[in-house]
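1. next comes the sequence, and after it the predicted model I'd like to discuss.
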Amino acid sequence: MWCPQGTAHGEALSKVSRQSIETRHTIVQYESLKDIKRFDSKIDYSPGEGGFKSLFSGTKYPIDSIKKKVDAVFERAQEILDMRGRVKKVVINIYPKKHFYEIRNRLAGKKSRIRSWYIFENNTIYINAHDIHEGILAHEIAHAIVNHYMTVRPPSATAEILARYVDKHLYF
Ligand SMILES: [Zn+2]
């Protein structure tokens, strides 16, 4: 996955007002509850379990569900990396696909096929609500943890290896 080190920031393209949910480790920002429901249905992960459909999925309370799942993935990533120090809350920006593609085109060009990314400068993960799973989420969260846990930011190739290690080992 593409993890830009550059200065381009991808926010504030649309006038749609965004809402946010604060979790223990993150701030999830979104446009509509529909996107939160979609995101929730695609993240198959819950605290203390792995590999089977979460008890929270399909819940009437997608916000509660998302809070639990996002923090569970975050804590699992910390555990895998063995980097448990306190880090600044990472922002997770969830977009409906149209807006996601608009931002991606602007930041990475129209040929880009990247599915998600993390920008260090604003400590923000960018996610397409229509194309996400727990592995992608864990991968981007790992980037945030690695970059903020280490006093000196690791080279991007090293950070990428660590992030891939996390998304591959989410369940075991
Ligand atoms: Zn990556």
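-> Received, thanks. Numbering: from 1, shown residues only.
2. the strands in this structure, which residues?
-> Counting by DSSP state E, one finds strands in the chain at the ranges 19-22, 26-30, 90-95, 116-119, 124-128.
3. partners of the longest one, with directions?
-> For strand 90-95, the paired strands and their directions (DSSP bridges) are strand 26-30 (parallel), strand 124-128 (parallel).
4. and those, which is most packed in?
-> strand 124-128 (a mean of 22; mean count of other CB atoms under 10 Å). Just so you know, the C-beta spots here come from the backbone N, C-alpha and C atoms, and that holds for glycine as well.
5. is that strand anywhere near the ion?
-> No - judged by CB under 5 Å from the ion, strand 124-128 and the ion are separated, with a smallest distance of 10.5 Å.
6. ok, and what's touching that strand?
-> 9-11, 39, 90-95, 97, 100-101, 103-104, 115-119, 136-137, 140-141, 143-144 (CB atoms under 8 Å, 6 or more residues apart in numbering).
7. now do 6 Å
-> Residues external to strand 124-128 that are found in contact with it (CB atoms under 6 Å, 6 or more residues apart in numbering): 91, 92, 93, 94, 97, 100, 116, 117, 118, 140.
8. from the chain's centroid, how far away is that strand?
-> 6 Å (CA atoms, centre = their mean, to the nearest Å).
9. same thing with stretch 31-40?
-> For stretch 31-40, the distance to the chain centre is 14 Å (CA atoms, centre = their mean).
10. okay, now the nearest residue to residue 85 once chain neighbours are set aside: neighbour count?
-> Leaving aside its chain neighbours, residue 85 sits nearest to residue 149 (5.5 Å; criterion: CB to CB, 6 or more residues apart in numbering). Residue 149 has 17 neighbours, counted by other CB atoms under 10 Å.
11. is residue 149 in contact with residue 83, as I believe?
-> Yes - Residue 149 lies in contact with residue 83 (CB atoms under 6 Å); the separation is 4.1 Å.
12. okay, helices next: where are they in this structure?
-> Remark: helices assigned in the chain by DSSP state H are 33-42, 62-81, 97-108, 134-149, 156-168.
13. look up how far residue 111 lies from the most centrally placed residue in the chain.
-> Centre of the chain computed as the mean C-alpha position; nearest residue by CA atoms, centre = their mean is residue 137, 4.1 Å away. According to CB to CB, to the nearest Å, residue 137 and residue 111 sit 25 Å apart.
14. okay, buried residues for stretch 163-172 please.
-> 163, 166, 167, 170 (16 or more other CB atoms under 10 Å).
15. and the ion, which of those residues contact it?
-> Near the ion, by the rule CB under 5 Å from the ion, you find residue 163 out of the buried residues of stretch 163-172.
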